[in-house]
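Chemist: let's see this in three dimensions:
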Amino acid sequence: VEDKAAVRELTSRILRDGGYHTRGATDGLDALDVLESLGEIDVLVTDVVMPGLDGRALADELRRRRPGLPVVFVSGYTEDYVVESARDDGATAFVEKPFAGAELLEAVRRVLDEAAAG
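Modeler: Reported below is the predicted structural model:
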């Protein structure tokens, strides 16, 4: 979930090249609509700062529906209370923009593995 189209496309391409299936969304509200049509997801990768429903509020809503959902927060801002407080809710990672593709893939793999380990 990313409000900047170029960043959203790049992030999706990195994840697809890493073997993941992706669905992009422009913001938190758009993500909720997309997820209604998808049903189940394995991991949420979301920007933290977005207009409307931000990344933390989106993660909170999705974890209300599916406790323990792995989340990777992406932001151009340094890690702060948003991510720290989200860590209490389950597998969570933070990737700072700009990021290397390998860094994003490592974060996604880590939260998926943490969630699978329980």
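
Chemist: residues in contact with the spatially most central residue of the chain?
Modeler: Of all residues in the chain, the one closest to the mean position by Cα atoms, centre = their mean is residue 45, 1.6 Å from it. Residues near residue 45 by Cβ atoms under 8 Å, 6 or more residues apart in numbering: 1, 11, 15, 71-72, 74, 104, 108. The C-beta positions use only the backbone N, C-alpha and C, and glycine is treated the same way.

Chemist: the lowest-mean-pLDDT helix or strand in the chain: what's the following helix or strand?
Modeler: Within the chain, confidence by mean pLDDT, DSSP states H and E is lowest for helix 81-86 among all helices and strands, at a mean of 59. Once the chain leaves helix 81-86, the next helix or strand it forms, by DSSP states H and E, is strand 92-96.

Chemist: C-alpha coordinates for that following strand, PDB please?
Modeler: Output of strand 92-96 as PDB, limited to C-alpha atoms (Å, rounded to 0.1, in the frame of the first residue of the first chain):
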ATOM      1  CA  THR A  92       6.400  -6.600  12.300                       C
ATOM      2  CA  ALA A  93       9.300  -5.100  10.400                       C
ATOM      3  CA  PHE A  94      10.300  -1.600   9.300                       C
ATOM      4  CA  VAL A  95      12.100  -0.700   6.100                       C
ATOM      5  CA  GLU A  96      13.300   2.800   5.600                       C
END
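
Chemist: tell me the angle of whichever helix in the chain runs longest relative to strand 92-96?
Modeler: Counting residues, the longest helix found in the chain (DSSP state H) is helix 101-117. Relative orientation of helix 101-117 versus strand 92-96 (axes from the mean of the first three to the mean of the last three Cα atoms, to 10 degrees): 170 degrees.

Chemist: could you list the residues in contact with helix 101-117?
Modeler: 11, 14-15, 17-18, 20, 42-43, 45, 68-72, 74, 90-95.
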